[in-house]
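Participant: Need a 3D model of the sequence below.
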Amino acid sequence: MSYAMLRYEVSEAGIATIALDQPDTRNALSDELLDELIAAFEAAREDTRVRCVVLSSTHERVFSAGANLAGFAGDTALVEKHLGTGRFPRLFRLIGELGKPTICAAGGHVLAGALGIALACDLILAREGVRFGTPEINVGVFPFMIMALIYRNVPRKKATELLLLGEQISAAEAERIGIVNHVFAPEEFEAGVREWAETLAAKSPLIMKLGKDAIFRQQDMAFLDALDFLRAQLTIAFSTEDIQEGVRAFFEKRQPEWKGR
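Facilitator: Prediction:
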(Lines give C-alpha, C1' and ligand atoms only; values in the text may rest on other atoms or scores of the structure.)
Protein backbone atom coordinates (compact mmCIF):
# COMPACT_ATOMS: atom_id res chain seq x y z
CA MET A 1 0.00 0.00 0.00
CA SER A 2 1.19 3.52 -0.79
CA TYR A 3 0.79 6.37 1.66
CA ALA A 4 0.33 10.09 1.02
CA MET A 5 0.92 11.40 4.54
CA LEU A 6 3.55 9.09 5.97
CA ARG A 7 6.50 6.96 4.97
CA TYR A 8 6.61 3.22 5.57
CA GLU A 9 9.58 0.92 5.15
CA VAL A 10 10.88 -2.36 6.53
CA SER A 11 14.60 -2.95 7.10
CA GLU A 12 16.49 -6.21 6.64
CA ALA A 13 16.57 -6.49 10.45
CA GLY A 14 12.77 -6.63 10.50
CA ILE A 15 12.22 -3.08 11.74
CA ALA A 16 9.20 -1.30 10.28
CA THR A 17 9.54 2.48 10.35
CA ILE A 18 6.36 4.54 10.16
CA ALA A 19 7.30 8.20 9.73
CA LEU A 20 4.74 11.00 9.90
CA ASP A 21 5.37 13.09 6.79
CA GLN A 22 3.22 16.23 6.79
CA PRO A 23 5.79 18.89 7.75
CA ASP A 24 3.69 21.76 6.38
CA THR A 25 1.03 21.06 9.02
CA ARG A 26 3.51 19.96 11.72
CA ASN A 27 1.99 16.50 11.31
CA ALA A 28 -1.43 17.62 12.52
CA LEU A 29 -3.50 14.54 13.28
CA SER A 30 -6.15 14.90 10.60
CA ASP A 31 -8.66 12.13 9.95
CA GLU A 32 -6.72 11.25 6.81
CA LEU A 33 -3.39 10.95 8.63
CA LEU A 34 -4.96 8.85 11.39
CA ASP A 35 -6.49 6.54 8.77
CA GLU A 36 -3.06 6.05 7.20
CA LEU A 37 -1.49 5.44 10.61
CA ILE A 38 -4.04 2.74 11.33
CA ALA A 39 -3.42 1.17 7.93
CA ALA A 40 0.36 1.25 8.43
CA PHE A 41 0.21 -0.41 11.85
CA GLU A 42 -2.16 -3.03 10.44
CA ALA A 43 0.33 -3.68 7.64
CA ALA A 44 3.15 -4.08 10.17
CA ARG A 45 1.02 -6.46 12.23
CA GLU A 46 0.32 -8.71 9.26
CA ASP A 47 3.86 -8.65 7.81
CA THR A 48 5.74 -11.68 9.15
CA ARG A 49 9.07 -9.96 8.41
CA VAL A 50 8.36 -7.23 10.95
CA ARG A 51 9.75 -7.80 14.45
CA CYS A 52 9.59 -4.22 15.78
CA VAL A 53 7.84 -0.98 14.79
CA VAL A 54 9.37 2.50 15.13
CA LEU A 55 7.03 5.50 14.90
CA SER A 56 8.88 8.68 13.94
CA SER A 57 8.55 11.97 12.07
CA THR A 58 10.26 13.59 9.10
CA HIS A 59 9.78 17.08 10.60
CA GLU A 60 13.02 18.54 11.97
CA ARG A 61 11.51 20.03 15.13
CA VAL A 62 8.05 18.53 15.69
CA PHE A 63 6.96 14.92 16.01
CA SER A 64 3.34 16.09 15.89
CA ALA A 65 1.49 19.16 17.13
CA GLY A 66 -1.63 17.09 17.82
CA ALA A 67 -5.13 17.24 16.40
CA ASN A 68 -6.11 19.50 13.54
CA LEU A 69 -7.70 22.38 15.48
CA ALA A 70 -9.49 23.72 12.41
CA GLY A 71 -11.81 20.74 12.58
CA PHE A 72 -12.79 21.48 16.17
CA ALA A 73 -14.56 24.73 15.34
CA GLY A 74 -15.70 23.77 11.83
CA ASP A 75 -19.24 23.35 10.56
CA THR A 76 -19.08 19.56 10.50
CA ALA A 77 -22.18 17.96 12.02
CA LEU A 78 -21.76 16.92 15.66
CA VAL A 79 -22.50 13.28 14.88
CA GLU A 80 -19.73 13.25 12.26
CA LYS A 81 -17.28 14.77 14.73
CA HIS A 82 -18.20 12.09 17.24
CA LEU A 83 -17.70 9.31 14.70
CA GLY A 84 -14.36 10.81 13.68
CA THR A 85 -12.95 10.66 17.20
CA GLY A 86 -13.30 6.88 17.10
CA ARG A 87 -10.01 6.75 15.22
CA PHE A 88 -8.03 7.47 18.39
CA PRO A 89 -9.24 4.54 20.51
CA ARG A 90 -8.99 2.28 17.47
CA LEU A 91 -5.35 3.29 16.97
CA PHE A 92 -4.50 3.01 20.67
CA ARG A 93 -5.98 -0.49 20.86
CA LEU A 94 -4.27 -1.54 17.63
CA ILE A 95 -0.86 -0.52 18.98
CA GLY A 96 -1.53 -2.23 22.31
CA GLU A 97 -2.65 -5.47 20.65
CA LEU A 98 -0.08 -5.38 17.84
CA GLY A 99 1.87 -8.36 19.17
CA LYS A 100 5.12 -6.63 18.22
CA PRO A 101 7.14 -4.11 20.26
CA THR A 102 6.70 -0.45 19.36
CA ILE A 103 9.02 2.51 19.87
CA CYS A 104 8.03 6.15 19.58
CA ALA A 105 11.14 7.95 18.33
CA ALA A 106 10.47 11.49 19.55
CA GLY A 107 12.93 13.51 17.51
CA GLY A 108 10.68 16.56 17.79
CA HIS A 109 8.08 18.06 20.11
CA VAL A 110 5.25 15.70 21.12
CA LEU A 111 2.11 17.71 21.83
CA ALA A 112 -1.59 17.22 22.51
CA GLY A 113 -3.08 14.12 20.88
CA ALA A 114 0.36 13.06 19.71
CA LEU A 115 1.32 12.49 23.34
CA GLY A 116 -1.43 9.89 23.53
CA ILE A 117 -0.07 8.09 20.47
CA ALA A 118 3.44 8.18 21.94
CA LEU A 119 2.19 6.76 25.24
CA ALA A 120 0.36 3.99 23.40
CA CYS A 121 3.76 2.76 22.20
CA ASP A 122 5.71 0.40 24.43
CA LEU A 123 8.78 2.63 24.66
CA ILE A 124 9.52 6.31 24.07
CA LEU A 125 13.00 7.48 23.09
CA ALA A 126 13.56 11.23 22.90
CA ARG A 127 16.12 13.60 21.49
CA GLU A 128 17.54 16.16 23.89
CA GLY A 129 15.67 19.46 23.54
CA VAL A 130 12.30 17.90 22.71
CA ARG A 131 9.26 18.99 24.72
CA PHE A 132 6.12 17.10 25.73
CA GLY A 133 2.77 18.53 26.72
CA THR A 134 -1.00 18.84 26.47
CA PRO A 135 -1.57 22.52 25.62
CA GLU A 136 -5.19 22.06 24.54
CA ILE A 137 -6.60 23.89 27.58
CA ASN A 138 -4.88 27.07 26.37
CA VAL A 139 -7.15 27.22 23.31
CA GLY A 140 -10.35 26.16 25.05
CA VAL A 141 -10.06 22.46 24.27
CA PHE A 142 -9.39 19.52 26.60
CA PRO A 143 -7.43 16.31 25.81
CA PHE A 144 -10.26 13.91 26.60
CA MET A 145 -9.17 11.25 24.10
CA ILE A 146 -5.73 10.72 25.61
CA MET A 147 -6.52 10.98 29.33
CA ALA A 148 -6.82 7.22 29.77
CA LEU A 149 -3.28 6.75 28.46
CA ILE A 150 -1.86 9.67 30.41
CA TYR A 151 -3.20 8.42 33.74
CA ARG A 152 -1.85 4.94 33.03
CA ASN A 153 1.65 6.25 32.34
CA VAL A 154 2.14 9.44 34.36
CA PRO A 155 1.97 9.91 38.15
CA ARG A 156 -1.53 11.16 38.97
CA LYS A 157 -0.71 14.61 40.31
CA LYS A 158 1.78 15.30 37.52
CA ALA A 159 -0.74 14.12 34.94
CA THR A 160 -3.35 16.50 36.34
CA GLU A 161 -0.80 19.33 36.29
CA LEU A 162 -0.05 18.71 32.61
CA LEU A 163 -3.74 18.61 31.70
CA LEU A 164 -4.91 21.63 33.69
CA LEU A 165 -1.98 24.03 33.21
CA GLY A 166 -1.29 23.19 29.58
CA GLU A 167 2.42 23.71 30.07
CA GLN A 168 5.15 21.74 28.35
CA ILE A 169 7.95 19.76 29.97
CA SER A 170 11.44 18.98 28.73
CA ALA A 171 12.59 15.55 27.59
CA ALA A 172 14.73 15.34 30.72
CA GLU A 173 11.70 16.00 32.95
CA ALA A 174 9.64 13.53 30.93
CA GLU A 175 12.32 10.92 31.55
CA ARG A 176 12.42 11.76 35.26
CA ILE A 177 8.68 11.17 35.73
CA GLY A 178 8.66 8.02 33.63
CA ILE A 179 7.12 9.16 30.34
CA VAL A 180 10.36 8.72 28.39
CA ASN A 181 12.64 5.70 28.61
CA HIS A 182 15.83 7.41 27.48
CA VAL A 183 17.01 10.80 26.21
CA PHE A 184 19.77 10.89 23.61
CA ALA A 185 22.05 13.74 22.61
CA PRO A 186 21.00 15.01 19.15
CA GLU A 187 23.98 13.45 17.40
CA GLU A 188 23.30 10.07 19.05
CA PHE A 189 19.53 9.93 18.60
CA GLU A 190 19.15 8.04 15.32
CA ALA A 191 21.83 5.48 16.18
CA GLY A 192 20.33 5.03 19.65
CA VAL A 193 16.84 4.38 18.28
CA ARG A 194 18.25 1.92 15.76
CA GLU A 195 20.17 0.05 18.47
CA TRP A 196 17.10 -0.29 20.70
CA ALA A 197 14.95 -1.42 17.75
CA GLU A 198 17.51 -3.99 16.60
CA THR A 199 17.78 -5.33 20.14
CA LEU A 200 14.00 -5.82 20.28
CA ALA A 201 13.88 -7.32 16.79
CA ALA A 202 16.44 -9.96 17.80
CA LYS A 203 14.15 -11.48 20.45
CA SER A 204 11.86 -14.46 19.89
CA PRO A 205 8.87 -13.06 17.97
CA LEU A 206 6.56 -15.63 19.55
CA ILE A 207 7.60 -15.00 23.15
CA MET A 208 7.60 -11.25 22.46
CA LYS A 209 4.00 -11.49 21.24
CA LEU A 210 2.94 -13.51 24.28
CA GLY A 211 4.65 -11.04 26.59
CA LYS A 212 3.34 -7.90 24.90
CA ASP A 213 -0.20 -9.28 24.78
CA ALA A 214 0.04 -10.08 28.49
CA ILE A 215 1.28 -6.58 29.32
CA PHE A 216 -1.68 -5.02 27.51
CA ARG A 217 -4.36 -7.36 28.83
CA GLN A 218 -3.38 -7.58 32.50
CA GLN A 219 -2.97 -3.87 33.16
CA ASP A 220 -6.61 -3.29 34.06
CA MET A 221 -7.30 -6.64 35.72
CA ALA A 222 -7.88 -7.10 39.41
CA PHE A 223 -4.71 -8.38 41.08
CA LEU A 224 -5.86 -11.98 41.64
CA ASP A 225 -7.37 -12.17 38.15
CA ALA A 226 -4.08 -10.94 36.72
CA LEU A 227 -2.14 -13.64 38.57
CA ASP A 228 -4.40 -16.37 37.16
CA PHE A 229 -4.15 -14.96 33.65
CA LEU A 230 -0.36 -14.58 33.78
CA ARG A 231 0.06 -18.10 35.13
CA ALA A 232 -1.88 -19.39 32.11
CA GLN A 233 0.33 -17.35 29.78
CA LEU A 234 3.45 -18.85 31.34
CA THR A 235 2.06 -22.34 30.77
CA ILE A 236 1.52 -21.46 27.11
CA ALA A 237 5.11 -20.19 26.91
CA PHE A 238 6.34 -23.50 28.39
CA SER A 239 4.76 -25.29 25.41
CA THR A 240 6.76 -23.37 22.78
CA GLU A 241 9.91 -24.48 20.98
CA ASP A 242 11.38 -21.00 21.37
CA ILE A 243 11.53 -21.18 25.17
CA GLN A 244 13.38 -24.48 24.88
CA GLU A 245 15.74 -23.08 22.25
CA GLY A 246 16.44 -19.99 24.33
CA VAL A 247 17.38 -22.02 27.39
CA ARG A 248 19.54 -24.43 25.37
CA ALA A 249 21.35 -21.53 23.69
CA PHE A 250 22.02 -19.94 27.07
CA PHE A 251 23.68 -23.05 28.47
CA GLU A 252 25.54 -23.74 25.21
CA LYS A 253 26.79 -20.13 25.15
CA ARG A 254 25.52 -19.35 21.65
CA GLN A 255 22.96 -17.11 20.01
CA PRO A 256 19.48 -18.65 19.84
CA GLU A 257 17.88 -19.54 16.53
CA TRP A 258 14.24 -18.66 16.97
CA LYS A 259 11.62 -20.83 15.29
CA GLY A 260 8.63 -18.65 16.07
CA ARG A 261 6.70 -21.61 17.40
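
Participant: In the stretch 1-150 of the chain, where is pLDDT below threshold?
Facilitator: Applying pLDDT under 70 to the stretch 1-150 of the chain flags residues 69-74, 78, 81, 84.

Participant: those strands in it, which residues are they?
Facilitator: Taking DSSP state E, counting those that start in this stretch as the criterion, the stretch 1-150 of the chain contains strands spanning 6-10, 15-20, 52-57, 62-64, 102-106, 109-111, 123-127, 131-133.

Participant: Same list, those strands, but as CSV with distance to Gly166 and mean neighbour count please.
Facilitator: In this view, the C-beta of every residue, glycine as well, is placed from N, C-alpha and C. Conversion of the strands of the stretch 1-150 of the chain to CSV gives the following (distance: least, C-beta to C-beta, whole Å; neighbours: other C-beta atoms under 10 Å):
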stretch, distance to Gly166, mean neighbour count
strand 6-10, 27, 16
strand 15-20, 23, 23
strand 52-57, 22, 26
strand 62-64, 17, 26
strand 102-106, 19, 27
strand 109-111, 10, 26
strand 123-127, 20, 24
strand 131-133, 7, 23
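
Participant: looking at those strands, which is closest to Gly86?
Facilitator: Within the strands of the stretch 1-150 of the chain, the stretch nearest Gly86 is strand 62-64; the backing value is 18.9 Å (C-beta to C-beta).

Participant: Determine how far stretch 110-128 lies from the middle of the whole chain.
Facilitator: The chain centroid and the centroid of stretch 110-128 are separated by 7 Å under C-alpha atoms, centre = their mean, to the nearest Å.

Participant: Kindly check the end-to-end length of that stretch for me.
Facilitator: In terms of C-alpha to C-alpha, to the nearest Å, the two terminal residues of stretch 110-128 are separated by 13 Å.

Participant: got it, and stretch 185-193?
Facilitator: Counting by C-alpha to C-alpha: the opening and closing residues of stretch 185-193 are 12 Å apart.

Participant: next one: it to chain centre, how far?
Facilitator: Between the centre of stretch 185-193 and the centre of its chain there are 18 Å (C-alpha atoms, centre = their mean).

Participant: In that stretch, which residues are buried?
Facilitator: 189, 192-193 (16 or more other C-beta atoms under 10 Å).

Participant: Including distance to Ile169, could the strands of the stretch 1-150 of the chain go into TSV?
Facilitator: As requested, the strands of the stretch 1-150 of the chain are exported to TSV (distance: least, C-beta to C-beta, whole Å):
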stretch	distance to Ile169
strand 6-10	26
strand 15-20	21
strand 52-57	19
strand 62-64	14
strand 102-106	12
strand 109-111	10
strand 123-127	11
strand 131-133	6
